[in-house]
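Enquirer: Can you look at this prediction? I've put the sequence above it.
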Amino acid sequence: EDGLMAIDRDDRTATEVPWDDEEELEASRRTIWERVPRWITIPLFGALLVLVWQLAVLMEITSEFVLPPPREVGVELLQMLGDLFTGGYVLENLWVTMQEVFIGLLVAAIAGIGLGILIAETSFGRQVVLPFVVGINAAPKVAFAPIFVAWLGFGIWAKVAMGAFIAFFPLLIDTAAGLASVDADQAKLFRALRASRVEMFFKLKLPNGLPFIFAGLKTASVLAVVGAIVGEFLGGGAGFGSLIRIAGSQLAIARVFGFVAILSVIGYLLYAIVAWVERRVVFWRSSELIPGAGM
């Protein structure tokens, strides 16, 4: 008996891995990009892109009117940031664009999630509404900008409509896909327990679909910025889109790059905010696309 206990202890010792060794094993499997902090890798990668950019300018691969040097873009960007923090024209136009983006994203979220639920939960949505949605989604979105301007005028509402229109479809598709991707065995269990349709929706389908819905929201948060800028670019009025159009017509390409850099930061921040909310709501499934968003 003592011999058997000794053999059993030897087997457990051979098979069980101490906690510290498990952590070391997991750390050894990480790539170098996972070991180095992101606050180091991201600036280094950005510096590498700027270096390649500068080399392309020095080698005269293209004209400076098309691809201005990084220094010129940096000077323009610093001037814009100074105007932004002193309440100048950059801040005024940015405020207009942000109103269009936020309202457009809100409208897209309500319409996209609502129609997604309709398509996933009703035969009317699948048989009647879905073909129209697919047909409209296949059309070029930019072509609708003049229509929205004709309907809603040159104010912010035409740009809101354009932003909502472009951001709407990913939300609808992801919502419908998430609600329809319920495990068949789980659905059978709920039916066996005589769960009502409302109970099955809120206790099974909606929790299952939340990761998909947030994935659509993250995509829509970026597309709302794109839609607002497209609307401003084609519909005139105030906003960053109009400033980009004016700068482009004056061949001030460095200024265009500066506006694009600011819009890129705004789009990233909106994405990160949605990812942060996702980590709080869908706590059982964390997103790895922007890990810092959950901190």
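Expert: Right, received. Where do you want to start?
Enquirer: residues contacting the nearest residue to residue 85 once chain neighbours are set aside?
Expert: Using Cβ to Cβ, 6 or more residues apart in numbering and skipping residues adjacent in sequence, the residue nearest residue 85 is residue 91, 7.8 Å away. All C-beta spots, glycine's among them, are computed from the backbone N, C-alpha and C. By Cβ atoms under 8 Å, 6 or more residues apart in numbering, residue 91 lies in contact with 83-85.
Enquirer: and if we set it to 10 Å?
Expert: By Cβ atoms under 10 Å, 6 or more residues apart in numbering, residue 91 lies in contact with 80, 83-85.
Enquirer: before we move on, which element is it in?
Expert: Secondary structure assignment for residue 91, by DSSP states H and E: helix 89-121.
Enquirer: what's the answer for residue 216, then?
Expert: helix 206-235.
Enquirer: which parts of stretch 249-258 are buried?
Expert: Residues of stretch 249-258 classed as buried by neighbour count (16 or more other Cβ atoms under 10 Å): 252-258.
Enquirer: picking up where we left off before, derive a ChimeraX selection command for the buried subset of the contacts of residue 91.
Expert: Buried subset of the contacts of residue 91, written as a ChimeraX selection, criterion 16+ other Cβ under 10 Å:
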select :80,83,84
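Enquirer: Sort out for me which of the contacts of residue 91 are in helices.
Expert: When DSSP state H defines the helices, the subset of the contacts of residue 91 inside them is 80, 83-85.
Enquirer: Just read off the phi/psi values of the residue lying closest to residue 99 once chain neighbours are set aside.
Expert: The shortest distance from residue 99 to any non-neighbouring residue, by Cβ to Cβ, 6+ apart, is to residue 156 (6.0 Å). Note on residue 156: its backbone torsions stand at phi -80, psi -20 [degrees, to the nearest 10].
Enquirer: Could you shift the numbering so residue one becomes 45, and keep it that way?
Expert: Happy to do that; since the first residue is 45 now, the last one works out to residue 200.
Enquirer: still on that earlier bit, which SSE is immediately downstream of the helix holding residue 260?
Expert: helix 284-293.
Enquirer: Give me the contact list for that next one.
Expert: Taking Cβ under 10 Å, 6+ apart as the rule, helix 284-293 contacts 120, 124, 133-134, 137-138, 140-142, 144-145, 203, 206, 269-270, 272-280, 283, 296-304, 306-307, 310.
Enquirer: what about that helix, average pLDDT?
Expert: Mean pLDDT, computed over helix 284-293, is 88.
Enquirer: How about stretch 230-247?
Expert: Per-residue pLDDT values across stretch 230-247 average out to 85.
Enquirer: repeat for stretch 203-218
Expert: Here the average pLDDT along stretch 203-218 is 92.
Enquirer: roughly how far is it from the heart of the chain?
Expert: 13 Å (Cα atoms, centre = their mean, to the nearest Å).
Enquirer: With just CA atoms, put it into PDB.
Expert: In PDB, the C-alpha atoms belonging to stretch 203-218 read as follows (Å, rounded to 0.1, in the frame of the first residue of the first chain):
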ATOM      1  CA  LYS A 203     -24.800  64.800 -43.200                       C
ATOM      2  CA  VAL A 204     -26.500  63.100 -40.200                       C
ATOM      3  CA  ALA A 205     -28.500  61.000 -42.700                       C
ATOM      4  CA  MET A 206     -25.400  60.200 -44.700                       C
ATOM      5  CA  GLY A 207     -23.500  59.100 -41.600                       C
ATOM      6  CA  ALA A 208     -26.400  57.000 -40.300                       C
ATOM      7  CA  PHE A 209     -27.000  55.500 -43.800                       C
ATOM      8  CA  ILE A 210     -23.400  54.200 -44.100                       C
ATOM      9  CA  ALA A 211     -23.200  53.000 -40.500                       C
ATOM     10  CA  PHE A 212     -26.600  51.300 -40.500                       C
ATOM     11  CA  PHE A 213     -25.900  48.200 -42.500                       C
ATOM     12  CA  PRO A 214     -23.100  46.600 -40.400                       C
ATOM     13  CA  LEU A 215     -25.200  47.000 -37.300                       C
ATOM     14  CA  LEU A 216     -28.200  45.400 -39.000                       C
ATOM     15  CA  ILE A 217     -26.300  42.400 -40.400                       C
ATOM     16  CA  ASP A 218     -24.400  41.700 -37.200                       C
END
